[in-house]
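In: predicted model follows, preceded by the sequence.
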Amino acid sequence: MTEKNLTMLTDFYEFTMAHGYFEKGMADRRAYFDMFFRRVPDGGGYAIMAGVQQLIEYFKNLHFTDEDIAYLRGRNCFSEPFLDYLRTFQFECDVWAVPEGTPVFPGEPLVTVAGPMIQAQFVETMVLLTINHQTLIATKASRITRAAQGRVVLEFGSRRAQGYDGAIYGARAAYIGGCHGTACVLADRDYQIPAGGTMAHSWVQMFDSEYEAFTAYADIYPTNCVFLVDTYNVLKSGVPNAIRAAREMIEKTGIRPKGIRLDSGDIAYLSIRAREMLDEAGFPDMQIMASNSLDEYLVRDLITQGARIDSFGIGERLITSKSEPVFGGVYKLAAVENAEGEIVPKIKVSENVEKITTPHFKQVYRLFDNKTGKAIGDVITIHDETIDDSKPYTLFHPIHTWKQKIATDFTVRPLRVKLFDKGSCVYESPAIDAIRNHCTQELDTLWEQVKRFENPQTYFVDLSKNLWTVKNDLLETCRI
């Protein structure tokens, strides 16, 4: 993305609104937009933030080429002064975001863009596209890797992804969410995500026998040899041939093969029998990998059924988040500034209560219990509010306000960081391994009840009293 100008990857109504703001003299009025989501995919208890690095790269490359201007002129709906404005367009916004790898929850502003109205509005499509996609895949990866209970999980989904960007950025997001590596070579080259792989069934079929295929592979890759054993018959052919090839490999090189891979059939039964056969043959160190349309539920079931699997290769159901392939993030106006520079909160009201927005320029804090180290909850405040962790703090449900919790002996931490200051990047994205480690550490601060697959405990995301009052007062003014 660093070499791509994606300025024109936007919805056409961003141009029609931008033109309208320009013609009405509102182009430079400062506005505040929030990106947030309303529901965790798969009925989960949390999501994993991802995509910030690509969002930064997009903001850095925002500009209109002569070809872009010529295209827009050809639509015959934009004035020449507006096209001149776009020709000299320079990103001038302030941007805040939750760091990648952080667990996040519905209603929280994951990204806030503040700046000239045209600019803050125009970036909506790419903010949503970038954060929605990678957060979706990182969240799915987190669920799958947790289901694996410490076993290695590799992302194998490039060939089933929705487009090449989906494969590359999906691999990146999956690694952030907990996967140990990927099959995607480009993700390794560009993002330092460990890529690996063994053989396909076609390799085995190319030789006169399965045994010859295994010995040929062992000759070439003795230090990273994993045999795919289900091309013909796992227990009658595949595993016996793998054992035979392994013995000859040790005799020739002294190097022991890594293991075998199962890609079809009753994985639980076959892995148990294969484990017995490998152990009896003197290969207790040869590991068993399983693939074949797996997800968190199948992984969990295999382990529950006693499957002897050491690692999993997860493809289509991870890279597409097949069970729920949409992360429903939205981008909404939260405030504008008046002529005096005062922030004026804005609200969107709906008959669907969950679609009523939270107004104002905001900050998000996370409270941690000092005794357990666990997260107590998050509080969304007005931007200049602080939470004093030396005093008890009352959290209350923003709708059912009688539901309250008093936090004592806690530490408070702002959840977001500033990415851009007046259009200049002031944030350096951490290395991918640092992001992945951050994800692991932050997940450890959540109670296990929040991380359940079914009916997770709801995590507290509350409004400060001041912000709740602003929202409630605006709702009162909207009464008909």
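Out: Sure, I can see it.
In: all contacts plus neighbour counts: C-alpha atoms, from now on.
Out: Will do.
In: need the pLDDT of the residue lying farthest from the centre of the chain.
Out: For the chain, the residue at maximal distance from the C-alpha centroid (CA atoms, centre = their mean) is residue 251, at 46.0 Å. You'll see residue 251 listed with a pLDDT of 94.
In: what about the residue lying closest to residue 58 once chain neighbours are set aside, how many neighbours?
Out: Among residues not flanking residue 58 along the chain, residue 6 sits closest, at 6.8 Å (CA to CA, 6 or more residues apart in numbering). By the other CA atoms under 10 Å criterion, the neighbourhood of residue 6 contains 17 residues.
In: so residue 6 touches residue 59, yeah?
Out: No. Counting by CA atoms under 8 Å, residue 59 is not a contact partner of residue 6; they are 9.3 Å apart.
In: who's in contact with stretch 216-224?
Out: 225, 245-246, 249, 253, 255-258 (CA atoms under 8 Å, 6 or more residues apart in numbering).
In: how far does it sit from its chain's centre?
Out: 35 Å (CA atoms, centre = their mean, to the nearest Å).
In: next, the buried residues of it.
Out: 216-218, 222, 224 (16 or more other CA atoms under 10 Å).
In: in helices, which of those fall?
Out: In helices, defined here by DSSP state H, the members of the buried residues of stretch 216-224 are 216-218.
In: export the residues you listed to a markdown table and tack on distance to residue 394 and pLDDT?
Out: Below are those laid out as a markdown table (distance: CA to CA, whole Å; pLDDT from 0 to 100):
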| residue | distance to residue 394 | pLDDT |
| --- | --- | --- |
| 216 | 67 | 97 |
| 217 | 64 | 97 |
| 218 | 64 | 96 |
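In: nearest to residue 157 among those?
Out: Minimum distance to residue 157 across these is 23.3 Å, recorded for residue 217 (CA to CA).
In: now that closest one: how far from residue 319?
Out: 28 Å (CA to CA, to the nearest Å).
In: low-confidence regions, this protein specifically.
Out: 1-3, 480 (pLDDT under 70).
In: could you rerun that using 80?
Out: Low-confidence segments of the chain (pLDDT under 80): 1-4, 479-480.
In: quickly list the domain ranges of it.
Out: As assigned by automatic domain parsing, the chain contains the domains 12-137+325-477, 198-292.
In: ends of the shortest one, how far apart?
Out: From the first residue to the last, domain 198-292 extends over 15 Å; the measure is CA to CA.
In: likewise for stretch 448-467?
Out: 30 Å.
In: and that stretch, how far out from the chain's middle?
Out: 19 Å.
In: in it, what counts as buried?
Out: Buried, per 16+ other CA under 10 Å, within stretch 448-467: 450-453, 459-465, 467.
In: which of those residues fall in strands?
Out: 461-463 (DSSP state E).
In: pick the one among those closest to residue 299.
Out: residue 461 (30.7 Å).
In: list the residues that contact that closest one.
Out: 105-108, 377-380, 397.
In: dump those to TSV, plus distance to residue 361.
Out: Listed next are the contacts of residue 461 as TSV, based on distance: CA to CA, whole Å:
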residue	distance to residue 361
105	18
106	17
107	14
108	12
377	20
378	16
379	14
380	10
397	20
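In: between the residues you listed, which is closest to residue 348?
Out: residue 107 (13.6 Å).
In: list the contacts for the closest one?
Out: Contacts here follow CA under 8 Å, 6+ apart; on that basis residue 107 touches 36-38, 461.
In: just the buried ones out of those residues, please.
Out: Here, 16+ other CA under 10 Å leaves 36-37, 461 buried among these.
In: relative to residue 45, how far out is the residue nearest the centre of the chain?
Out: Geometric centre of the chain, nearest residue: residue 135, 2.3 Å, by CA atoms, centre = their mean. Relative to residue 45, residue 135 is positioned 14 Å away (CA to CA).
In: which among the buried ones among the contacts of residue 107 gets closest to residue 197?
Out: Residue 197 lies nearest to residue 37 out of these, by CA to CA, at 35.6 Å.
In: with adjacent residues omitted, what lies nearest to that closest one?
Out: Leaving aside its sequence neighbours, residue 37 sits nearest to residue 329 (CA to CA, 6+ apart; 4.1 Å).
In: verify the stated contact: the one you found with residue 128.
Out: Yes. Between residue 329 and residue 128 there is a contact at 6.4 Å, judged by CA under 8 Å.
In: you'd agree residue 27 is up against residue 115?
Out: No. Using CA under 8 Å, residue 27 is not in contact with residue 115, being 10.0 Å away.
In: out of those two, which sits in the more crowded spot?
Out: More neighbours surround residue 115 than the other of residue 27 and residue 115, with 25 against 20 (other CA under 10 Å).
In: that's a strand at the more buried one, yeah?
Out: Yes. The assignment for residue 115 is a strand, going by DSSP: H, G, I helix; E, B strand; the rest coil.
In: hmm, residue 33 and it touching each other?
Out: No. With contact defined as CA under 8 Å, residue 115 does not reach residue 33; the gap is 9.1 Å.
In: count of neighbours near residue 33?
Out: Residue 33 has 26 nearby residues by other CA under 10 Å.
In: ignore what I typed, I meant residue 351.
Out: 7.
In: now for the residue nearest to the centre of the chain: which residues touch it?
Out: So residue 135 contacts 47-51, 173, 327 (CA under 8 Å, 6+ apart).
In: residue 183 is nearest to which of the domains of the chain?
Out: Here domain 198-292 is closest among the domains of the chain (CA to CA), at 9.6 Å.
In: what's in contact with stretch 296-305?
Out: By CA under 8 Å, 6+ apart, the list of residues contacting stretch 296-305 reads 143-148, 267-268, 309.
In: distance of residue 362 relative to residue 221?
Out: For residue 362 relative to residue 221 (CA to CA), the value is 55 Å.
In: mind naming the longest helix for this structure?
Out: helix 124-147.
In: past it, which element shows up next along the chain?
Out: strand 152-155 (DSSP states H and E).
In: can you give me the neighbour number for residue 321?
Out: 24.
In: ditto for residue 436
Out: Residue 436 has 24 nearby residues by other CA under 10 Å.
In: do the same with the one 5 residues further on
Out: Neighbours of residue 441 under the rule other CA under 10 Å: 13.
In: phi, psi of it?
Out: phi -60, psi -40 (degrees, to the nearest 10).
In: do the one 4 residues further on as well
Out: As for residue 445, its main-chain torsions (degrees, to the nearest 10) stand at phi -80, psi -10.
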